[in-house]
Structures are given as structure tokens and as C-alpha cells.
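1. Based on what follows, work out the 3D shape:
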Amino acid sequence: MGKGGENFGKGEAINSKQTVDPDVFPAWAKDIQECEKHYKVSRKSGLSSAEVENRRKIYGYNELEKHEGQSIWSLVLDQFNDTLVRILLVAAVISFVLAWYDGEEGGEMEITAFVEPLVIFLILIVNAIVGVWQENNAEKALEALKEIQSEQATVIRDGVKIPNLPAKELVPGDIVELKVGDKVPADMRVLELVSSTLRVEQGSLTGESEAVNKSNKLVSADADIQGKRSMVFAGTTVVNGNCICMVTQIGMETEIGKVHTQIHVASQSEEDTPLKKKLNEFGEVLTMIIGIICLFVWLINVKYFLSWEYVDGWPRNFKFSFEKCTYYFEIAVALAVAAIPEGLPAVITTCLALGTRKMAQKNALVRKLPSVETLGCTTVICSDKTGTLTTNQMAVAKLVAMGADHSSLRSFKVDGTTYNPSDGKIQDWPSGRLDANLQTIAKIAAICNDAVVTHSDQKFVAHGMPTEAALKVLVEKMGLPNGGGSVSSDVLRCCQWWNEYERRIATLEFDRDRKSMGVIVDSKSGKRSLLVKGAVENLLERSSKMQLCDGSVVPFDWSSKKLVSDALQDMSSGALRCLGFAYKDELPEFETYDGSDDHPAHELLLHPSNYSSIESNLTFVGLVGLRDPPREEVHQAIEDCKAAGIRVMVITGDNKNTAEAICREIGVFGPTEDISLKSLTGKEFMEVVDKKAHLRQSGGLLFSRAEPRHKQEIVRLLKEDGEVVAMTGDGVNDAPALKLADIGIAMGIAGTEVAKEASDMVLADDNFSTIVAAVGEGRSIYNNMKAFIRYMISSNIGEVASIFLTAALGIPEGLIPVQLLWVNLVTDGPPATALGFNPPDKDIMKKPPRRNLSGDGHTLVGYSQLANWGQCSSWKNFTVSPFTAGNQVFNFDSNPCDYFQGGKVKAMTLSLSVLVAIEMFNSLNALSEDGSLLSMPPWVNPWLLLAMSVSFGLHFLILYVPFLAQVFGIVPLSFNEWLLVLAVAFPVILIDEVLKFIGRSTSGSRSSWQRTLKPKSE
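-> Prediction:
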């Protein structure tokens, strides 16, 4: 339907800008005192018990709503909302009534008479059971979302800390304490950092590839989710630090609650799959054909059950035989049974199930059977970046160490994309013993580090900060100082060796001001050292010396710092996150420090304000570049998509520069392609005036910093434009778009349960290239379906012909309905099923995808819109898609209401062509008043055929000569459109043939009546 005009402008608008709801207090943009005043609470004492009860009455519990799913009966009824099924149901009911009537008339009811309706009913029941079983799993995404919520929280109420309060009892204004490992129980404003830093892993909600630093400083009121650094969100996890927070939103008002609502809304607007649309179209055509044939058979046999005599020129004395009427009605039903491929639903289900098994062997687990075929006509793949195109595992890509003198650096490329230390190696790595500079880098990376990597369930898992885990993997690839291996079986055996060699006795925690972390270590020689890692720019400012490859230390002059800065700039431009390493040997305050609380130096470590002075006069040793690397197989998969005519769009919550670098690397964009118009943030896209025009650009597109609503809007617009959209994702933030897309594809390993339950298909190996293989399988399945439908229909034509001829000739039927049912189910079924095993064509992934909608992209409008088209300008959000006619593309983006004038050009051309064709066919009807075209064929008058050819030729002239087409306001028609014209016009011959037959029958009856009347009068 034309969007926006169905209810004369009452359609719902989608806000294109990030606006602040006036009813929501923007706590992230207010200082702490304002927040406390608004929520009427003190961070020291918290809410009183009485106030908690009052607020609970207003806000309810901190839990997600339970949406009532479809009842089992409505699901059952939905299974009969299918044209083919309805035809079968009608045929079964009529067969049952006729069998019952025959039994009543004959005095006994034989069970054989009920075989046909019972078998059809059984087919429909099995089909309904399978459909209900599939659809009953649809709403599990909402249940999985609830599992993400925290169960308990540490709360301050009445001045008392309550350690394990059920999280559902939280109310706005509650003061909550968070520590490392806690799951955030509600959306909260950060009031105070207990530790020097606070980091939260919120990638599953926002799509960010790294843990995010949080603070208690206010931000802009119109900040997006990623920009709300003073807020922590429900369902995310604290990975570093402790803090005190104030609850601002609970339950359905939280960000995760909004995702819950979006999933529910998306599930309500699910459309039929392309396969179901095609089968419905097929069923409607079949219904029309069957209806016409059955009516025709009944009409040509009217004389056997309805007769009359002519008295004074008028028919009188009608005689009606109900028995013969029902007999010929049974023949009509037999025709319907012969024409309907009863085995088709079962064969389709078998073929889809077979496709499901094939895809499972390729690591694509299909949750909904029709999705198997939907993949085959996918035209756009909207892919998340983090965890889908990339591994979602940080890895060191480049290591820069100091050279032999102050004017040189050494650069090493590091292979590997996972936390597996054996995955990849360091290119051009020196063999044998590590030089002193490389040893220092390895020591700092191993000891100044809190992460752990473990091996479980056949995969390597990081615990702690992903960047620190990547550094430990780098140490393992660097090896031990002497170049040998370790006898330890531990995953991080080299890191273990370094931690035994130099014992860590104190930690200078990371903070946002100095952007570094330091540890004080005690070596086996008893010497104290400070090891530091952090932002390269900050370490350069605080370093006065540099270590060369032989271990010697020289002044870190301006030219050397410029050399390191240039290397940093080069790595940053390649979207690498850089960390520098430095150390300090002169620690007079800590010479005798052993970690005890009563040592004088311990007082210095209690105050983070002292850390900058401790980390001064450092010796710089090197830097590394880290990233979330792309999967190795993705580049080839992108190329395969391009060859198959499938566009790839990347939609990510990550930052723009990182996303652009990854997209260039995997082939979404060319290495030197200008992407200024193809790469937008989600916020920028929502401000674009003509969004559909932006989405129609050829090649790949990128949307970074995208929120869930941005992803949904992109998918919705693509679907409106006639695209078949496959959406991939792994996070909670992907779930609404996964639900809305024609086919949602979740990651099996890295994906959240919410994403999996909202999806139609799950990738067991998280491999993007698996999607391409699944698309090929979907195309193969569609081709096989066409093959067995063609086989079943062509086979049924023979059955229809045999019934039709016996009825037309007035002889007893040669086949009864139950025999036809046997042929359709048992004889035709196995060969049709076997056709589902056809191997795919070799060039199946070299062809463009088929379209599930009309080829020219016309937007359909309803009668109410057509009847009131003059009011179009008052309709809100009325949009139409561009369509093609001949070589022209008609676009109505500037004024959609022009569609009612300029958009009818194709309809006018079809109408004119149908009128011309009807008049030409009608001239054939005029060859004889009562004689059929079978007895007086068209070639008895060759001049008529010549005249028809001239008329059609002149019509073709004005259609296909551009100048004349413009004069007459028409457009060229395609071959398929001409077939439509002929299909609409040809019935004029059939109708006239029926009228001529009735005329001949009437005139024959009248002549015989007059011959019998004449002797009597004489």
C-alpha cells in the first residue's frame, strides 16, 4: 500500500532527530546536586522505606512487561489463512457433505465414501500442527531479554547498606553501589567514583567494540546512547572500578526496556515470506481456473438435470433432477480434486526441511522453515560489524620497538585475530634470544596487566579488559627471553614466567587524567621498578629517556619523539588503538617497599593525585597498535555477494573511523574510493531528507554510531523499497532489527540469547561467509520448488482433461475423486519430493537475486486512497517507490501526490492495450452468429487476419517509437506485461463461445418443439 495514506494521514511519524522526551528528566545532562534535588534523595542516606513504597505505587516494579502472545486457537486459525489450504478445506467439506448425502439416500453409509474428505482433513491437520509448532517459538526473544537483567543489587536505604536486594524492587531515586563484575540493575546516573576509574562493557547494547570509560561529569542533553558517559545502563557489566549511582529509569523505561518494546512491535509487523506470497498468488490463480472449469462443466451438463418445454414461445414445465444435479456437482468436485495438488504442502515442507539439514551441515541453523527459501531472494545484507565481520576479540596488529640508535625504529606486523596464542605469528621476528628492548616490552605487557585468557569449550576466552588480554597473547607470541619454550602447560606460560621473574607489589590504577596504568615490581635481585603502559601521547610527555635495542638508555630528544609521533599517527590513521610502554628504575621512595600497609611509601599510593609525579621521568621503550580484526574469510564472502548481485550494508554502533578502516579492508569499499556520501553516522542518516535515495546508492554503505532505532528505520525503508533484507547481528541492540528484517541472522558463538531468539537463522560458526553459502542453498531450493510444482501441475492437467472430456461428452466418469487423490498424493508425491534433491546450478551465485515483488517497483494503493486522491496533500507520511517503465525511471520523491497522475502511465498503457486486444479478438467472434471458432476458424477470412495484424502493428508503433509514445502518454510494455494483456483480453472469446453454445442449444430445442407441434395442428 502507499505508505501514509491508508488512514488519510493518521499514519505514525518517525522522528528523524535525537530529541529529549520532555517527560524524561535528562539526568546525564544535569549536575549531581540537581539530580539529587529532582529525585529528592541524599546519596549518603538513600531513600526512606516509606518513600520507596510511595514510588513503587507510581512506577511499579523494575521488570520487563509480559506481552500476551497469540492464543493457540488464533495460531491454528492462522494456518488456514492460505489460499491453497482454503481450497482444500472447501473441497473436503463439500466431499464430506456429498458422501453423507449419498449415504442418507442409499440407506447405508460406506466408510469408503468418506476416505477422500478424511484424507484431505488429515493433510490440513498435520500442516496446521507443523505451522503452530514453528510459530509458537516466536516470542522467546522477549523471555531471553529478561535473563539479561540483574537479579540483585547493593542499595543504600534509610542510611543502611542492603547488600542483596532483589533488583526488581528498585525504584527511581535509589542509591546503588556497583563493583567489578556486577551486572547493572537499572539505568543509573553515576554520582561518585569510588575507584580512580570506571569501565563498563556495554557492547551488547550499543555495539561498541571496547569497554567504555564512565564518569560523573555531565554531558550534552542531546547525546546519543554511546555519548552518555555519565550513565550506566541496565543489563551491561562493570569490568573495572567501583562507583555509587542513582537509579533514574526502571523496567520498560530503561534502554533495554525500549529494546523489549521494539522487539514486540517488530514481531507484530512481520510480513509473509516471499514463498508464501508466491504460493498465495499461485493459489488465487488456481482457484480462478478451477472455478471457471467447474462452472463450465456444470453448465454444459445442465440439460441432464434441468429440462423444459416451450409453450407459446416461452419455456414452461421445468423438470429438475436433484440426483443428477448432485452427480454432476460431484464431477465438478472431482475436477477440483484433480486440479489441486494435494501433496504440494507436504512436498514443500519436506523440501524446506531437507534444505534445513543441508544448511545445518554448513553451520547455518534455521529456526523457521520458510527462512530457508527467503534467503534465496535476499537483495541486501545489513551486517553488524563487531562480532560479525570482525572477531570481537582484540588483537595486536603492529609492534613498534626502538632501533639501534635514537633515529631509528623497528616495526613488526603481528598476525592472528583471536585470543589463541598459536593463531598467527610475528612477521620478521628475530630468531634466538630477545634483545633487551623487546624483553622490556614483553615484561611490561605481561606484568602491567590484569587480564586472564583461558581455554574452554574448544575456544580461548578473555577475562578482563580485551586490550590487556590481547597484550598477553602478544607476549606469548614473542616467546621467552632466551628464545626457548616453557615446560608449563598454561595458556599464558610466558606471562607466567615474567610474573615469577619480577613480582608485582603495588598497582597505580588507570585514570582518565593521566591515561595510564603502572605497577611497582620487585625483581629477584631485590631491585624495585615501575612499569607503565598507557596512551602514547601521555607517555611521550612524561618520558625523558628512551631505551635502544641493546638495552642502553639515551636522552629522548625532540627528533626521537617526532619519530615516535609519526609512527603513532600512521597507526592511528589505520584505525589502530595504540598503547605505549615505559619504565622507571629510580624509585627512592619505594626502595624498601614490600607492599605492607605500614611502610611510609604506602601513603603515596593511597592518593591517585600522586600517581602522575611517580610516573615521571620515564624511559620509553615502544608501542603497539591493537584492533578488533576482521575475520579472514569475510573479504571473499563480500566478493561473492557482489557477484551474486547482493548489496552489503554495514550498520554498527562503533566509531566512524574504525568502521571505515574495516570496511575498506574487507572490500565493502575500495582502497581509494570516495566514501564521503556512503559513510554516515546513525544521527546523520536520520537527518537526511531523502533517506531512500541514499539507500539506493550502488555498492556498499556504512552507518556507524547506530542505535537500535536507526537500524530498524534502515531495514523498514529498504523493505518499503521492495528489497528483501537479511540482517545479521549478535547484540541486544540488534534484536529489534533482526525481528523486523525478512530474515534475521544471529551469531551462534558470540551472539546473545536475545539476538538468537529474535532471529530466523543462527550461524553456528559466527562466519559471515556461511551466509553466502546459505543464500546459494536458498536459491537452489527455490529452483527445485519450481521444478516440482511444474511437474505436479502438468501431471494434474492430464487428470483434469480426462474428467473434463467425460463430462463434456456426457459419458460416465472414468475416475472417481478418491482415485485422483491417490494419484496426487501417492503416485505424484515421491517423484515431486525427489526433485527437491536436484543439485544447484553451477552459476547459481553468479545470477542476480529474483525479486519477490513486482518487477517495476510500483507502489500499490487502496481504493480509499484512489477515491480520495484529491486529498493526498493532507495525508501525513504518504510515500511511493520509484518504478521503471521501459528505460525510464519514474520518481515521485519531490511530490508523492504526483503518483496519482504520472504514476498511472503504465496502468493507462495496459488498459489501452487490453482494449485494443479485446476489440481484435471480438472481431473473430463476428465471423459467425452461432458457429464456433472450432467449426469456422479465423483463417476462413484471411483479410480479417491481415486487418488485425495491421491494427496490432500500428499499436506497436505508438508503443515502441519514443516520440509517438510521448505524444500518446504511454510507455513500452515488457513480454510479461503483454502476456498479462492477452490473459485479460482472451476471455472475450470464451464468453462468446459459451453464449453461442447456449444459442445453438436453445434454437435446436425450439426447432424440435415446432416440428412436433406442426403434425398436431394439422
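
2. residue closest to the middle of this structure?
-> By Cα atoms, centre = their mean, the chain has its centre lying nearest to residue 727, at 2.4 Å.

3. Confirm that residue sits in a strand?
-> Yes - assigned with DSSP: H, G, I helix; E, B strand; the rest coil, residue 727 falls within a strand.

4. from memory it sits against residue 745, does it?
-> Yes - using Cβ atoms under 8 Å, residue 727 is in contact with residue 745, at 6.8 Å. For glycine as for every other residue, the C-beta is placed from the backbone atoms N, C-alpha and C.

5. Find residues that contact each of these two.
-> Any residue near both residue 727 and residue 745 by Cβ atoms under 8 Å, 6 or more residues apart in numbering counts here, and that gives residue 738.

6. The stretch 451-600 of the chain: helices as residue ranges?
-> Secondary structure of the stretch 451-600 of the chain, counting by DSSP state H, counting those that start in this stretch: helices at 466-478, 493-501, 536-542, 558-573.

7. so can I have TSV of these showing mean neighbour count, distance to residue 984 and mean pLDDT?
-> Conversion of the helices of the stretch 451-600 of the chain to TSV gives the following (neighbours: other Cβ atoms under 10 Å; distance: least, Cβ to Cβ, whole Å; pLDDT from 0 to 100):
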stretch	mean neighbour count	distance to residue 984	mean pLDDT
helix 466-478	24	64	92
helix 493-501	18	77	90
helix 536-542	19	73	92
helix 558-573	15	62	91
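
8. can I get those helices in TSV with distance to residue 673?
-> Below are the helices of the stretch 451-600 of the chain laid out as TSV (distance: least, Cβ to Cβ, whole Å):
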stretch	distance to residue 673
helix 466-478	30
helix 493-501	41
helix 536-542	30
helix 558-573	16
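
9. ok so, going back, now do the residue nearest to the centre of the chain, the pLDDT please.
-> pLDDT, residue 727: 89.

10. Same question for residue 18.
-> Listed pLDDT for residue 18 reads 42.

11. How about the one 3 residues further on?
-> You'll see residue 21 listed with a pLDDT of 53.

12. what's around the residue lying closest to residue 986 once chain neighbours are set aside, how many residues?
-> Of all residues not flanking residue 986 in the chain, residue 921 sits nearest, at 6.5 Å (Cβ to Cβ, 6 or more residues apart in numbering). Residue 921 is flanked by 18 other residues according to other Cβ atoms under 10 Å.

13. Tell me the helices and strands packed up against the helix or strand containing residue 921.
-> Secondary-structure assignment from DSSP states H and E places residue 921 in helix 905-925. On a contact count with 3 or more Cβ pairs under 8 Å, 6 or more residues apart in numbering; DSSP states H and E, helix 905-925 meets strand 883-885, helix 942-960, helix 975-985, helix 987-1017.

14. from those, which stretch is densest packed?
-> Highest mean neighbour count among these (mean count of other Cβ atoms under 10 Å): strand 883-885, with a mean of 19.

15. average model confidence for that strand?
-> 65.

16. same deal with stretch 936-946?
-> The pLDDT scores in stretch 936-946 average 81.

17. Tabulate the CA atom coordinates of it in PDB.
-> The C-alpha trace of stretch 936-946 is given here as PDB (Å, rounded to 0.1, in the frame of the first residue of the first chain):
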ATOM      1  CA  MET A 936     -15.300 -21.700 -38.600                       C
ATOM      2  CA  PRO A 937     -11.700 -21.000 -37.800                       C
ATOM      3  CA  PRO A 938     -10.200 -17.500 -38.300                       C
ATOM      4  CA  TRP A 939      -8.300 -18.400 -41.500                       C
ATOM      5  CA  VAL A 940     -11.500 -18.700 -43.400                       C
ATOM      6  CA  ASN A 941     -11.300 -15.000 -43.800                       C
ATOM      7  CA  PRO A 942      -7.500 -14.100 -44.400                       C
ATOM      8  CA  TRP A 943      -8.400 -10.400 -44.900                       C
ATOM      9  CA  LEU A 944      -9.600 -10.300 -41.300                       C
ATOM     10  CA  LEU A 945      -6.300 -11.700 -40.100                       C
ATOM     11  CA  LEU A 946      -4.400  -9.100 -42.200                       C
END
